[in-house]
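1. Structure for this input, please:
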Amino acid sequence: MEFFADALIVLSLALLTIIIAIFVLAVSFLGRAIEHAKKEEERINKEEADVNEKIIGLARAELDRASASGDGVTKARIKLQTLERKREWFNKKREKATNSYKLLTVNRGILCPSATLLISVIFAATSRYLTTISGIPAQVFSYISLVLASLGAIWASFRIYKTLLIVQNVAVVPEEVQRERDIQVYEKALERHEDKHKPQLLLEFVNPEPPFEFEASSKKVLEFIVYVSKSPANSIVVEFCAPDGLLFPDKPNEKRVECIAQYPGALHTIVEVGELQENWYQLHKITLQTPEKEGKYLLAYSTSCNERTGEFIEQQVIVKS
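-> Numbering: from 1, shown residues only. Have a look, this model is predicted:
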């Protein structure tokens, strides 16, 4: 009895050390495990949809036969009962898939089995102590404590096995998945490389300089330069957009389409710059007409070329009487 109690104490402490080491390894695979669980859930959902569609189709066929000949209602009911059982089975399978990665978290991966092993150590130590006490009750409780300690050690060993199984499943990446990841990494690296060598466009207002403050019902000429760095740029255009009352009197009154994401239906115009070599700039002008009403109005602009599509930058125009 004392030998088994001592062996359980040593085993529980050894398993406790192993759990800590396994958790350090397993936590590095947590991201893969979550991704694997999501893909498994999607696969189960697709499989369930296919099975449900097939069973519902068979049940509908039986009902059609019943409506025509009066037979087939019982078979249709059986099909629907099968559908319900399948739904419960898929729910359990889906829950198992979504909860599998939780064995790699702190609560289920280290706290629960560690607490169980500590309790096993306490029961094993209690069993060993009771062996030193004479009497039948002490012997009975000693055996009970030894059994409880054994059950705790067995359960913790099973949890360690399941955790290692999950780590093995997510660590061994299929060839197709690895190829897809390599392609994604290559595409991102290529995108960063291309973006690094794309021309950088800069627009700067020089006369007048922001912030803009103009009188109501007046025309103002805005002078701006377009500058290119990193590499040459072709077909450079600057798009000005006035969504709330400003006008471009020297340009056609065109409006952006309603289905566009930014400034749908707003008045806009385009200034063509053309081609610029690296570190070159050009000076351009645009006339802006302010409304009669005082207030703050928005002027947005974007600079684009063949190699890069620019985002809109907003400038505030203050109109005073």
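2. Help me confirm that residue 206 is found in a helix?
-> No - under the criterion used here (DSSP: H, G, I helix; E, B strand; the rest coil), residue 206 is strand, not part of a helix.
3. For the residue nearest to it when sequence neighbours are not counted, pull up the helix or strand it's in.
-> Leaving aside its sequence neighbours, residue 206 sits nearest to residue 223 (C-beta to C-beta, 6 or more residues apart in numbering; 5.3 Å). From N, CA and C alone the C-beta is placed, and that goes for glycine too. For residue 223, the element it lies in under DSSP states H and E is strand 219-229.
4. For that strand, which strands pair with it and how are they oriented?
-> When pairing is defined by DSSP bridges, strand 219-229 lines up against strand 200-207 (antiparallel), strand 281-289 (antiparallel).
5. Could you give the average pLDDT over the next helix or strand after the first one?
-> Taking DSSP H and E as the definition, the helix or strand that follows strand 200-207 towards the C-terminus is strand 212-215. Strand 212-215 comes out with an average pLDDT of 92.
6. Strand 212-215: how far from the chain's middle?
-> Offset of strand 212-215 from its chain centre (C-alpha atoms, centre = their mean, to the nearest Å): 46 Å.
7. Direction included, what does it pair against?
-> Strand pairing for strand 212-215, using DSSP bridges, gives strand 313-320 (parallel).
8. Give the buried residues for the partner strand.
-> Going by neighbour count (16 or more other C-beta atoms under 10 Å), the buried part of strand 313-320 is 317, 319.
9. How far off centre is that strand?
-> On C-alpha atoms, centre = their mean, the centre of strand 313-320 falls 38 Å from the chain's centre.
10. Name the surrounding residues that touch it.
-> The contact list for strand 313-320, computed with C-beta atoms under 8 Å, 6 or more residues apart in numbering, reads 203, 205, 210-216, 246, 288, 290-291, 293-302.
11. Quick check: closest non-adjacent residue to residue 251.
-> Nearest residue to residue 251, sequence neighbours excluded (C-beta to C-beta, 6+ apart): residue 269, at 3.9 Å.
12. Tell me which residue is most central in this structure.
-> residue 35 (9.6 Å; C-alpha atoms, centre = their mean).
13. which element is it on?
-> helix 30-69.
14. now do residue 138
-> helix 136-171.
15. can you pull the buried residues of that helix?
-> For helix 136-171, burial by neighbour count (16+ other C-beta under 10 Å) applies to 142, 145-146, 148-150, 152-153, 156-157, 159-160, 163-164, 166-167, 170.
16. burial of residue 307, as a residue count?
-> 18 (other C-beta atoms under 10 Å).
17. so how far is residue 270 from it?
-> Relative to residue 270, residue 307 is positioned 18 Å away (C-beta to C-beta, to the nearest Å).
18. could you give the mean pLDDT of stretch 144-162?
-> Mean per-residue pLDDT for stretch 144-162: 84.
19. outside of that stretch, which residues touch it?
-> Under C-beta under 8 Å, 6+ apart, the answer for stretch 144-162 is 1, 4-5, 8, 11-12, 15, 18-19, 22, 103, 112-113, 116-117, 119-121, 123-124, 126-127, 130.
20. Just the ones of these in helices?
-> 4-5, 8, 11-12, 15, 18-19, 22, 112-113, 116-117, 119-121, 123-124, 126-127, 130 (DSSP state H).
21. Excluding sequence neighbours, find me the nearest residue to residue 283.
-> Closest residue in space to residue 283, ignoring its immediate chain neighbours: residue 225 at 5.3 Å, by C-beta to C-beta, 6+ apart.
22. Which strand residues bridge that neighbour?
-> Here residue 225, judged by DSSP bridges, has bridge partners residue 204, residue 283.
23. Just to check, it is in contact with residue 282?
-> Yes - with contact defined as C-beta atoms under 8 Å, residue 225 and residue 282 form a contacting pair (6.7 Å).
24. Now for these two: what residues contact both?
-> What both residue 225 and residue 282 touch, as defined by C-beta under 8 Å, 6+ apart, is an empty set.
25. Produce a PyMOL select command limited to the buried residues of the ones in helices among the contacts of stretch 144-162.
-> Per 16+ other C-beta under 10 Å, the buried members of the ones in helices among the contacts of stretch 144-162 correspond to this PyMOL selection:
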select buried, resi 5+8+11+12+15+18+19+22+112+113+116+117+120+121+123+124+126+127+130
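26. roughly how far out does the helix holding residue 138 sit from the chain middle?
-> Centre-to-centre, helix 136-171 and its host chain are 37 Å apart (C-alpha atoms, centre = their mean).
27. What is the burial count for residue 185?
-> Neighbours of residue 185 under the rule other C-beta under 10 Å: 10.
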